[in-house]
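Participant: return a 3D structure for these sequence lines:
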Amino acid sequence: MTRSAASGVVEWPGAFQLAGEAEGLALVFSQALSFWGGIDAETGEIIDHSHPGLGQNVAGKILVMPSGRGSSSSSSVLAEAIRRGTAPAGIVLERPDPILAVGAIVAEFLYDIHMPLVVCEIAEIVPGDRIAIAIGPDGGAIVSRVRENR
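Facilitator: The predicted structure is shown next:
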C-alpha cells in the first residue's frame, strides 16, 4: 500500500479478473450481492429485500464487496446491466468470482463495453470514497482511494 499524505491518495495492488479502468464513488457492502434477483438490470437498483443495500443504485459506482453470491444467472444479469449502462463502473472484490467475471467478459465480447473486475484488499474502503481502478505498468490492477473531506 502506498500513501501520499500531500494528495490524500492511497494506492494498493490488485489482480484483474477482467482488466480495465474505471472511477467512481464506492458503494461498499460487507455482505455479498447476487445480481440474479438482487439487481434490477433496467435501473441498477438493488431489489434484494434481504440485502442491506436494498433501494441503493449500483449504476456508475465502484461496487465493493467480499464476493458475488450465486446464481450462475448473475452473469447474464450483469451483462445486461452493462449493456444498458446501469451496471457498476467497476467491481472490487476480496475474493475472485467466476460468475461475475463471465458476465463482464460476455459484455466486453458482445457489446465492446469494458467493466473492470478487480480482486484486492477492501478493508480500507468506505462508502463514499472516490475509487479509481487503473492498469499498472506490469499489467496488474492499481486501486486508488481519495477520501473526500467530510
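Participant: what's the first helix or strand after the one helix or strand Val118 maps to?
Facilitator: Assigned by DSSP states H and E, Val118 belongs to strand 117-119. Scanning forward in sequence from strand 117-119 by DSSP H and E, the next helix or strand is strand 130-135.
Participant: need the helices for this structure, in chain order.
Facilitator: Using DSSP state H, the helices of the chain run over residues 74-84, 98-111.
Participant: which elements pack onto the longest one?
Facilitator: What that stands for is helix 98-111. Judged by 3 or more CB pairs under 8 Å, 6 or more residues apart in numbering; DSSP states H and E, helix 98-111 is in contact with strand 9-18, helix 74-84, strand 90-93, strand 117-119. Backbone N, C-alpha and C define where each C-beta goes, glycine included.
Participant: let me have these in JSON lines, adding mean pLDDT as columns.
Facilitator: Below are the helices and strands packed on helix 98-111 laid out as JSON lines (pLDDT from 0 to 100):
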{"stretch": "strand 9-18", "mean pLDDT": "95"}
{"stretch": "helix 74-84", "mean pLDDT": "97"}
{"stretch": "strand 90-93", "mean pLDDT": "98"}
{"stretch": "strand 117-119", "mean pLDDT": "98"}
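Participant: closest to Ile135 out of the ones you listed?
Facilitator: strand 9-18 (7.8 Å; CB to CB).
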